[in-house]
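**Student:** quick one: sequence plus predicted model below, questions after.
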Amino acid sequence: MRRVITIAIFIIIFSIGAAFSAINLNPITINYYLGSVAIPLSIMVILSLVAGIIIGALAIYITSLRLRYENSRLQKKLFLSEQEVNSLRILPIKDIH
């Protein structure tokens, strides 16, 4: 059932995108330092969305790398602490009396 809903949502989004592309065929001019280029508005919107998705994915990936590093560091620290506790449990208790 979930797969059917996912496919239906994909088809709806694709249809809306196709309709948007068909309606907005007027070219726009994009000026940059080395020149300019004329492309359809729909392609510019799609390129902007893709660029945003890539930048967002990179930001999430960098954050997850930082969290993975911290997780690894804390697991090593936990392992050393557990080893220390286990070694202290093995030592006999010396009574001063």
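**Tutor:** Yep, it's here.

**Student:** show me how far the helix or strand encompassing residue 81 is from its chain's centre.
**Tutor:** Secondary structure from DSSP states H and E places residue 81 in helix 41-90. In terms of Cα atoms, centre = their mean, to the nearest Å, the centre of helix 41-90 is set 10 Å apart from its chain centre.

**Student:** elements contacting it?
**Tutor:** The contact analysis (3 or more Cβ pairs under 8 Å, 6 or more residues apart in numbering; DSSP states H and E) places helix 41-90 against helix 2-23, strand 27-32. (Each C-beta comes from the backbone N, C-alpha and C, glycine too.)

**Student:** which secondary structure elements does the last one sit against?
**Tutor:** Pointing back at strand 27-32 there. strand 35-40, helix 41-90.

**Student:** for this protein, which residues score under the pLDDT cut-off?
**Tutor:** Counting by pLDDT under 70, the chain contains low-confidence ranges at 95, 97.
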